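Visitor: No sequence on hand, only this structure:
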Ligand SMILES: Nc1ncnc2c1ncn2[C@@H]1O[C@H](COP(=O)(O)OP(=O)(O)O)[C@@H](O)[C@H]1O
Ligand SMILES: Nc1ncnc2c1ncn2[C@@H]1O[C@H](COP(=O)(O)OP(=O)(O)O)[C@@H](O)[C@H]1O
């Protein structure tokens, strides 16, 4: 079953929003396609250049996680949904992994910096709202929002 | 029923290909998102800068047609599938319109230039292969291919 | 991102417009409005400087063809200069490089 | 698009690397290889010139943290200069601007 056909996104779609969907293979070389797409979307919405960079980075971190942690099979894919409202960009990334153990999230410890463990911290810092949801047999959905002009 | 859930693409998916899917609202402001996405994909595949421009333009023409001719309802969406192979980029654009009357396609007449009628001619000139397919109740699918290093 | 143009008149009976950014299905309507306003306002030939025009597709060509028809009815002409290679290619594959006067 | 780096030695017991393009999950492995090779080859402090580094994310930071650990064990250090605003922000929000020595 393909993600494109099967995923019921947990976030209720707002009818005033435009929706853009991007499905990418779980391969590192396609994360840049997500970055390009979101820079087009966020730029057109009117976010300033610095905020567009922040959103690109937050999305890239979530894509990186979907590739690193969200795939049980070798060849898989993940799905990005963009909800484009008048005042808010909502991005949901859904993978086909086994969901997330919330205990895995911790604050970075500067006294003892590690090679990993920064992605979710970066996302939370840059975006206005972040939620995690694990649907049975559907992997993790991370939903992040950025408000315009805040 | 949403395009994302319903469209069975007519082109058989090659297992050696990576697949990227992009679903866009039928609104002019999102055509640039398709252009950005394909420039990332085609650039990474190794197409030279001029060819990337050609592919961007061909895709934009097809998106423009999906918006202008491929929507029966006011709010609709269309779907772009990218098949990324070692030697070939395949792009299929599927809308939810009523399909195409092939008699509508004609060569541009330079003695009597018209404001319209150039899109499909441009696509055919820039891409290596172009096919049209109308599935019952699924609108038009235009599939275009560009080979690497030809 | 969007098409912008600025219009200025000079004394030799011709006038100039600079096209900028991208002209596609999103920006074409605005481009058409500006072009028509410029054509109405003036009586000379029209010179389009495209050095900063990054992208155009058939939607933009359609606007230009419409404008050229209006101009020709009044015995006026459109000159297009400084096309970037990708936009020039659009004119050449459609044969419109023979309809418009392209300058370097 | 991809990360590229060039490495050159100078006589003062320190060496330089220029980072270019984008360092993300796609290019990080290659970056790590080059960085480690440079660290192995030399004995001085490492200076990273990032004036042409357009983008980096946590994957790139991870490589840098790993390199810094190796360097510190040998009493060497990493200096980072000319960060673009978006990349500098990545260092400041993660607090790594206090771990690495950032120069203007
Ligand atoms: N998509 C995901 N699916 C399952 N687990 C995840 C996912 N994303 C993150 N995690 C878990 O959260 C942890 C923290 O993620 P992150 O902060 O991005 O750091 P890192 O990926 O470097 O470990 C990961 O180590 C992993 O255990
Ligand atoms: N997606 C589509 N659905 C239905 N008809 C289409 C579609 N794309 C093109 N057509 C038909 O083909 C004709 C030629 O298209 P094109 O060459 O792009 O020129 P134009 O769109 O300017 O008319 C259109 O006028 C339309 O009748």
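Guide: Sure, I can see it. In this text the structure is predicted, and so the values were computed from the model without any measurement. Ligands and ions are numbered 1, 2, ... in the order given.

Visitor: Could you find the closest non-adjacent residue to the residue nearest the centre of chain C?
Guide: In chain C, the centroid-proximal residue (Cα atoms, centre = their mean) is residue C:48; its distance is 5.0 Å. Using Cβ to Cβ, 6 or more residues apart in numbering or on different chains and skipping residues adjacent in sequence, the residue nearest residue C:48 is residue C:80, 4.9 Å away. Glycine gets a C-beta too; all of them are placed from N, C-alpha and C.

Visitor: Assign the one you found to helix, strand or coil.
Guide: Here residue C:80 is recorded as strand under DSSP: H, G, I helix; E, B strand; the rest coil.

Visitor: Tell me who's in contact with it.
Guide: By Cβ atoms under 8 Å, 6 or more residues apart in numbering or on different chains, the contact set of residue C:80 is C:47, C:48, C:50, C:91, C:100, C:101, C:102, C:103.

Visitor: quick one: which two of those residues are the most distant?
Guide: Farthest pair in the contacts of residue C:80 (Cβ to Cβ) is C:47 and C:91. Separation: 15.7 Å.

Visitor: ok, back up a step: please check the contacts of residue C:80 and keep the buried ones.
Guide: Neighbour-count burial within the contacts of residue C:80 applies to C:47, C:48, C:50, C:91, C:100, C:102; the criterion is 16 or more other Cβ atoms under 10 Å in any protein chain shown.

Visitor: So what's the residue count around residue A:102?
Guide: By other Cβ atoms under 10 Å in any protein chain shown, 8 other residues sit near residue A:102.

Visitor: does the residue nearest to it when sequence neighbours are not counted count as helix, strand or coil?
Guide: In space, and not counting its chain neighbours, residue A:102 is closest to residue A:132: 7.1 Å by Cβ to Cβ, 6+ apart. Look at residue A:132: counting by three-state DSSP, its state is strand.

Visitor: wait, residue A:132 sits on residue A:104?
Guide: No. Taking contacts as Cβ atoms under 8 Å, residue A:132 lies outside contact range of residue A:104: 10.7 Å.

Visitor: So for those two, which residue has more residues nearby?
Guide: Remark: of residue A:132 and residue A:104, residue A:132 carries more neighbours, 13 against 9, as counted by other Cβ under 10 Å.

Visitor: now the more buried one, which residues is it bridged with?
Guide: Counting by DSSP bridges, residue A:132 is bridged to residue A:142.

Visitor: Using JSON lines, lay out the contacts of residue C:80 together with distance to residue C:35, pLDDT and secondary structure.
Guide: Shown next, in JSON lines, are the contacts of residue C:80 (distance: Cβ to Cβ, whole Å; pLDDT from 0 to 100; DSSP: H, G, I helix; E, B strand; the rest coil):
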{"residue": "C:47", "distance to residue C:35": "12", "pLDDT": "95", "secondary structure": "strand"}
{"residue": "C:48", "distance to residue C:35": "9", "pLDDT": "96", "secondary structure": "strand"}
{"residue": "C:50", "distance to residue C:35": "13", "pLDDT": "97", "secondary structure": "strand"}
{"residue": "C:91", "distance to residue C:35": "16", "pLDDT": "97", "secondary structure": "helix"}
{"residue": "C:100", "distance to residue C:35": "13", "pLDDT": "96", "secondary structure": "coil"}
{"residue": "C:101", "distance to residue C:35": "16", "pLDDT": "96", "secondary structure": "strand"}
{"residue": "C:102", "distance to residue C:35": "17", "pLDDT": "96", "secondary structure": "strand"}
{"residue": "C:103", "distance to residue C:35": "18", "pLDDT": "91", "secondary structure": "strand"}
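
Visitor: Which one of the residues you listed is nearest to chain D?
Guide: Using Cβ to the nearest Cβ, residue C:50 is the member of those that lies nearest chain D, at 27.3 Å.

Visitor: Hmm, residue C:78 and the closest one touching each other?
Guide: No. Using Cβ under 8 Å, residue C:50 is not in contact with residue C:78; the gap is 11.6 Å.
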